[in-house]
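[1] curious how this folds, go ahead:
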Amino acid sequence: MAHSWWEIRILCDPALEDIIFWRLERFNCRGTATEIKSNSCLMSAYLPEEQARLLDLAALSLWLRQDALCAGLPLPAMQWDLIEDEDWGSTWKEHWQPQEVGDRFLINPAWLPLPTDTDRIILRLDPGVAFGTGAHATTQLCLESLEMRLGFDDSKCVIADIGCGSGILSIGAVLLGATKVYALDTDPLAVRSTISNRLLNRVNSQQLVAELGSIDRLKEMVDEPIDGLICNILAEVIIDLIPQFTAISKPTTWGVLSGILLEQAKPIADTLEQHGWIVATLWKRQDWCCFNIRRS
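    You can find the predicted model right below:
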């Protein structure tokens, strides 16, 4: 039987892009895409029909309007329609093109030819229904942080990516030289997407291990503490995970945390300090930030 999806389209001021993206993520939307033309931003997102009723969509529209009012920006216009399963997967892809990230990466959609005129590391990606296309500020901040951490020596480096989404950060870490990456997510669709993208980039399953779960599962998988950890998920989830970081870490372990709005930075920093971590650097982009942390 065909599966139907809500296609949500939002026309807004570009300054609202980040907060709308955050709202859509909390609403469990998938395959979010953005197209900016002139002074307008058109955002598209997709949601399984059974996960939202018309009243839920109307409430989302109201939240977006309230966010704009609080920010003193023009009100966004939101529309939604039902589309069939075979349509949604190709609709949003029309808006996504190859993108340079940081100093070393080129994120290339899997359905487009590989470029031949670049010396960047090419990361092929088909996010499917998982978060992480490289377009969002938080993903870019994490990839740029990994560029600063990896690829400069031959020492062993084992990393955990908690909340791996499409696998973009896990694969990026491997391509930069990580010895082994454990990619975990509580969403089985994300694990499936990570495995698919692992194959796309010809990364073997011993170097990138993708499984369902979180830190509890990681503890069962590793023989010794890890060298680095990545979390690009919601701030509320990161706060819950921080007390568990110590059990999987060594004195030299570092971390990259993102998915955090600037207004959420202080409680994250306070929780890190309470559990023996130091914020080495805090990078900001638009309304988002990325913590680069180490053990105190």
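
[2] and the pLDDT at residue 192?
    With respect to pLDDT, residue 192 has a value of 88.

[3] export the helix or strand containing it as PDB, just CAs?
    Secondary structure from DSSP states H and E places residue 192 in helix 188-200. C-alpha atoms of helix 188-200 as PDB (Å, rounded to 0.1, in the frame of the first residue of the first chain):
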ATOM      1  CA  PRO A 188      16.300   2.800  12.900                       C
ATOM      2  CA  LEU A 189      15.800   4.900   9.800                       C
ATOM      3  CA  ALA A 190      18.900   6.900  10.600                       C
ATOM      4  CA  VAL A 191      21.000   3.800  11.100                       C
ATOM      5  CA  ARG A 192      19.800   2.500   7.800                       C
ATOM      6  CA  SER A 193      20.700   5.800   6.100                       C
ATOM      7  CA  THR A 194      24.200   5.700   7.700                       C
ATOM      8  CA  ILE A 195      24.800   2.200   6.400                       C
ATOM      9  CA  SER A 196      23.700   3.200   2.900                       C
ATOM     10  CA  ASN A 197      25.900   6.200   2.900                       C
ATOM     11  CA  ARG A 198      28.800   4.100   4.200                       C
ATOM     12  CA  LEU A 199      28.500   1.900   1.100                       C
ATOM     13  CA  LEU A 200      28.200   5.000  -1.100                       C
END
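
[4] return the distance of it from the chain's centre.
    Between the mean C-alpha location of helix 188-200 and the chain-wide mean there is a distance of 14 Å, by CA atoms, centre = their mean, to the nearest Å.

[5] which is the next helix or strand following that helix?
    strand 208-212.

[6] sorry, back to before: mind giving me the packing neighbours of the helix holding residue 192?
    Other helices and strands packing on helix 188-200, by 3 or more CB pairs under 8 Å, 6 or more residues apart in numbering; DSSP states H and E, are strand 121-125, helix 168-176, strand 180-185, strand 208-212. C-beta here means a position set from N, CA and C on the backbone, and glycine is covered the same way.

[7] what is the second one packed up against?
    In this structure, helix 168-176 makes packing contacts with strand 121-125, helix 137-149, strand 158-162, strand 180-185, helix 188-200, strand 208-212, strand 226-232, judged by 3+ CB pairs under 8 Å, 6+ apart.

[8] so where is the stretch 151-296 of the chain shaky, pLDDT-wise?
    Low-confidence segments of the stretch 151-296 of the chain, defined by pLDDT under 70, are located at 154.

[9] re earlier: deepest-packed of the helices and strands packed on helix 168-176, please.
    Mean neighbour counts were taken over the helices and strands packed on helix 168-176 using mean count of other CB atoms under 10 Å, and the top value, a mean of 26, falls to strand 158-162.

[10] may I have it as CSV, with CA atoms only?
    Output of strand 158-162 as CSV, limited to C-alpha atoms (Å, rounded to 0.1, in the frame of the first residue of the first chain):
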residue,chain,number,x,y,z
VAL,A,158,38.6,6.0,17.7
ILE,A,159,35.5,8.2,17.7
ALA,A,160,31.8,7.8,18.6
ASP,A,161,29.1,9.7,16.8
ILE,A,162,26.0,9.8,19.1
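
[11] direction included, what does that strand pair against?
    Paired neighbours of strand 158-162 in the sheet (DSSP bridges): strand 180-185 (parallel), strand 226-232 (parallel).

[12] need the next SSE after the last one, C-terminal direction.
    Once the chain leaves strand 226-232, the next helix or strand it forms, by DSSP H and E, is helix 235-245.

[13] re the thing from before, export the strands paired with strand 158-162 to JSON lines and tack on distance to residue 25?
    What follows is the strands paired with strand 158-162, written out as JSON lines (distance: least, CB to CB, whole Å):
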{"stretch": "strand 180-185", "distance to residue 25": "14"}
{"stretch": "strand 226-232", "distance to residue 25": "11"}
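
[14] nearest to residue 254, out of those strands?
    Closest of those to residue 254 is strand 226-232, at 5.1 Å (criterion: CB to CB).

[15] between that closest one and helix 168-176, how many degrees?
    Calculated by axes from the mean of the first three to the mean of the last three CA atoms, to 10 degrees, strand 226-232 forms an angle of 140 degrees with helix 168-176.

[16] show me the contact partners of strand 226-232.
    The set of residues that contact strand 226-232 without belonging to it, under CB atoms under 8 Å, 6 or more residues apart in numbering, is 132, 138-139, 142, 146, 149, 156-163, 165, 169-170, 173, 178, 182, 218, 237-238, 241, 245, 248-250, 252-259.

[17] only the C-alpha atoms, please, for it, written as PDB.
    Written as PDB, here are the backbone C-alpha positions of strand 226-232 (Å, rounded to 0.1, in the frame of the first residue of the first chain):
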ATOM      1  CA  ILE A 226      37.200   6.400  22.900                       C
ATOM      2  CA  ASP A 227      39.500   9.200  21.700                       C
ATOM      3  CA  GLY A 228      36.700  11.600  20.500                       C
ATOM      4  CA  LEU A 229      33.000  12.000  20.500                       C
ATOM      5  CA  ILE A 230      30.500  13.900  18.300                       C
ATOM      6  CA  CYS A 231      27.000  14.800  19.200                       C
ATOM      7  CA  ASN A 232      25.000  17.000  16.800                       C
END
